[in-house]
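Asker: my questions concern the predicted model and sequence given below.
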Amino acid sequence: SENSSSIISEDFKRILLPAVYTIVFLLGIPLNAAVILKIWRKRPNLSRNNIYMLNLAVADFLYVMSLPLLIYNYASHDYWPFGEFACKMVRFQFYSNLHGSILFLTCISVQRYLGICYPLSVWHKQGGRRMAWCICGGVWLVVSILCAPTFYFAATGQQRNRTVCYDLSTPTRSLDYYPYGMTLTCLGFLLPFIGVMVCYCRMAQILCRPVSYQGVSITPGEKRDRAVRMIIIVAAVFCISFLPFHLTKSMYLVVRTLPEAPCTMRNLFSVIYKSTRPFASMNSFLDPILFYFTQPRYRQSTRRFLVRVTTLRDRGTSV
């Protein structure tokens, strides 16, 4: 939401955002709850990968729980009746989930990179699980610190005689928000993205070699396939969910701080940025799909469950 004096129609938000957020809510709640329950049931013997997946699912679940307020907000022409604190909290949940997901996916990628490229390293011998929990605690702390300024910048305000909840900052704080917004993008997206891509390029080199290369046995069969699937899915999540959002957000931050930029240009970039926001929320149901495709036992148990349901249904129809 921007100054009421120079607004390009944002009616698309009234249809696009509630529709996408409703789909994300309806898919994200059961999918992330299923991942959390599935992993938690095996907590005495959790792998490092599953520890990161559990934290990722918790971050997604907390975010998805905040969506009903945003669905109401955008369906009501940006009207925000829930008060200042709820506005700040919802914006904090969005950005903490977004950057938490990015960092947990980075942890999963680095973990798989070490497993593929350095299978005999000390990391794989002792203390791995405890270290993974410490890293997850560190991620939550870093995300909380990175996103804490959201409580200062996000605020309610009056626009066209109704209360709105500003996403980044109020228009009067645009210049103040700019350095923080760009820092958040660099530390919370750009650096992890570069790290993930470097890991994947190196993993792709290893996985494309023959099963035995220069006398060294390379990861065979199912493990290799699982690693390839993870590379494809995580790269897809970054490219679909995170890259368009951060790219358009950075462009919008630059344009809205230019004093000579016409109002129409500012609002055009605002519309472009806001139209990528639904993509950023999609990771909340794409992440459980990552878990499904990289966990053979989970796929098998889900398959057995679906076969059982189909069999019971067929019996019911044949009676």
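Answerer: Great, that's in hand.

Asker: every contact and neighbour count from this point should use C-alpha atoms.
Answerer: OK.

Asker: what ranges do the strands span in the stretch 101-250 of the chain?
Answerer: 156-159, 162-165, 212-213, 216-217 (DSSP state E, counting those that start in this stretch).

Asker: buried set for the first one?
Answerer: Within strand 156-159, the residues that qualify as buried are Thr156, Gly157, Gln159, counting by 16 or more other C-alpha atoms under 10 Å.

Asker: for the second one, same thing?
Answerer: By neighbour count on 16+ other C-alpha under 10 Å, the buried set for strand 162-165 is Thr163, Val164, Cys165.

Asker: and that strand, which strands flank it?
Answerer: Under the criterion DSSP bridges, strand 162-165 sits next to strand 156-159 (antiparallel) in its sheet.

Asker: just name the shakiest helix or strand of this structure by mean pLDDT.
Answerer: None of the helices or strands of the chain scores lower by mean pLDDT, DSSP states H and E than strand 216-217, at a mean of 48.

Asker: what sits against Asn73?
Answerer: Asn73 sits next to Tyr79, Trp80 when contact means C-alpha atoms under 8 Å, 6 or more residues apart in numbering.

Asker: pLDDT score for it?
Answerer: With respect to pLDDT, Asn73 scores 90.

Asker: before we move on, what about the one 4 residues further on?
Answerer: At His77, the predicted lDDT confidence score is 84.

Asker: who are the packing partners of the lengthiest helix in the chain?
Answerer: Ranked by number of residues, the top helix in the chain under DSSP state H is helix 84-117. With contacts taken as 3 or more C-alpha pairs under 8 Å, 6 or more residues apart in numbering; DSSP states H and E, helix 84-117 sits against helix 48-64, helix 128-147, helix 150-153, helix 191-207, helix 221-237.

Asker: name the helices or strands packed onto the second one?
Answerer: It stands for helix 128-147. helix 48-64, helix 84-117.

Asker: buried stuff in the longest one?
Answerer: To tie it back to what came earlier, the one meant is helix 84-117. Under the neighbour-count criterion of 16+ other C-alpha under 10 Å, helix 84-117 has 84, 86-88, 90-117 buried.

Asker: pLDDT weak spots in the chain?
Answerer: 1-12, 119-127, 209-226, 293-319 (pLDDT under 70).

Asker: quickly note the distance from Phe104 to Leu290.
Answerer: Phe104 sits 12 Å away from Leu290, going by C-alpha to C-alpha, to the nearest Å.

Asker: the nearest residue to Ala59 once chain neighbours are set aside and Met203: what is the separation?
Answerer: Distance criterion C-alpha to C-alpha, 6 or more residues apart in numbering; nearest residue to Ala59, sequence neighbours excluded, is Asn97 at 5.4 Å. For Asn97, the distance to Met203 (C-alpha to C-alpha) stands at 27 Å.

Asker: ditto for Gly138
Answerer: Computed as C-alpha to C-alpha, the Gly138 to Met203 distance reads 25 Å.

Asker: which one's more surrounded, those two?
Answerer: Met203 (21 against 12; other C-alpha atoms under 10 Å).

Asker: show me what contacts the more buried one?
Answerer: Tyr113, Ile116, Cys117.

Asker: Tyr166 contacts Thr156, correct?
Answerer: Yes: if you go by C-alpha atoms under 8 Å, Tyr166 and Thr156 touch, sitting 5.9 Å apart.

Asker: residues touching Phe153, list them.
Answerer: Taking C-alpha under 8 Å, 6+ apart as the test, what Phe153 contacts is Leu168, Ser169, Thr170, Arg173, Tyr177.

Asker: and the residue nearest to Ala33 when sequence neighbours are not counted, how many residues sit next to it?
Answerer: Distance criterion C-alpha to C-alpha, 6+ apart; nearest residue to Ala33, sequence neighbours excluded, is Phe61 at 7.2 Å. When counting by other C-alpha under 10 Å, one arrives at 22 neighbours for Phe61.
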